[in-house]
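Visitor: pasting the structure only:
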């Protein structure tokens, strides 16, 4: 299934919270309850200009996007809208139709997707080297144990700190990998990831 590459959806809202004007609010809804939230919570964003809310929803693919839509609409009703809403999820063993539907559904509701095929850990591996071979998710744990020089723990809350000095290399490798696929078919593009796009957005608020 061919899916159009999504543009960057950013809505410009200005409002005050207390005596401070908060320009931006970003919502990140993650498939995992620990691995991805632990990583994104460590980003050193300037809280004077942005609020980043991170939800470890525990849903997968299309149901995750449906949860993000619900949270986005609730925020609008409360007159505290988000400038950006992101969903973070993996291809893993989810049915391809669910994976495709999730990306299309997000696109239809102006929600951005930071997906990984096959696992979020691909993003970690790309900090060390360029990787273009399709593998299953078990391989990543073994590979990261070797690259880190210590046992990789999936829910490690310190992964951002361990990898931050190699982040630019990861962005370069992820973008190179992303551009490798002439046909945008995320469920078949293994390995591939768009996590770097979310990382680049967060880095704007350091």
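Guide: Everything's here; your move. The shown structure was predicted, so the numbers you read here are calculated from the model rather than taken from an experiment.
Visitor: quick one: average pLDDT of the biggest helix by length in the chain?
Guide: With residue count as the measure and DSSP state H as the assignment, the chain has helix 61-77 as its longest helix. For helix 61-77, mean pLDDT is 96.
Visitor: report all helices and strands that that helix contacts.
Guide: Secondary structure elements in contact with helix 61-77, counted by 3 or more Cβ pairs under 8 Å, 6 or more residues apart in numbering; DSSP states H and E, are strand 24-30, strand 84-90, helix 96-108. Any C-beta I mention is one placed from the backbone N, CA and C, and that applies to glycine too.
Visitor: could you pull out the strands for the protein?
Guide: Taking DSSP state E as the criterion, the chain carries its strands at 15-17, 20-22, 24-30, 50-56, 84-90, 112-117, 192-193.
Visitor: of the helices and strands packed on helix 61-77, which is nearest residue 137?
Guide: Proximity to residue 137 (Cβ to Cβ) singles out strand 84-90 among the helices and strands packed on helix 61-77, at 7.7 Å.
Visitor: ok, and what's touching that closest one?
Guide: Applying Cβ atoms under 8 Å, 6 or more residues apart in numbering, the set of residues contacting strand 84-90 from outside is 9-11, 24, 26-32, 36, 40, 60-61, 64-65, 68, 71-72, 102, 106, 110-120, 137, 195, 198, 201.
Visitor: neighbouring strands of it in the sheet, and parallel or not?
Guide: Partners of strand 84-90 in the sheet, by DSSP bridges, are strand 24-30 (parallel), strand 112-117 (parallel).
Visitor: if you skip the residues just before and after it, what's nearest to the most centrally placed residue in the chain?
Guide: Centroid-nearest residue in the chain: residue 114, 3.3 Å away (criterion: Cα atoms, centre = their mean). Closest residue in space to residue 114, ignoring its immediate chain neighbours: residue 198 at 4.1 Å, by Cβ to Cβ, 6 or more residues apart in numbering.
Visitor: list the contacts for that neighbour?
Guide: Taking Cβ under 8 Å, 6+ apart, we find residue 198 in contact with 28, 40, 86, 88, 112, 114.
Visitor: which two of these lie the greatest distance from each other?
Guide: Between any two of the contacts of residue 198, the greatest separation by Cβ to Cβ is 13.5 Å, found for 40 and 112.
Visitor: tell me the bridge partners for residue 29.
Guide: Beta-bridge pairing of residue 29 under DSSP bridges involves residue 55, residue 87.
Visitor: count of neighbours near it?
Guide: Each residue near residue 29 was counted by other Cβ atoms under 10 Å, and the total is 26.
Visitor: surely it and residue 70 touch.
Guide: No. In this structure, residue 29 is not within contact of residue 70 by Cβ atoms under 8 Å, at 9.6 Å.
Visitor: let's have the strands paired with strand 84-90 in CSV, adding mean pLDDT and distance to residue 52.
Guide: As requested, the strands paired with strand 84-90 are exported to CSV (pLDDT from 0 to 100; distance: least, Cβ to Cβ, whole Å):
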stretch, mean pLDDT, distance to residue 52
strand 24-30, 97, 5
strand 112-117, 96, 13
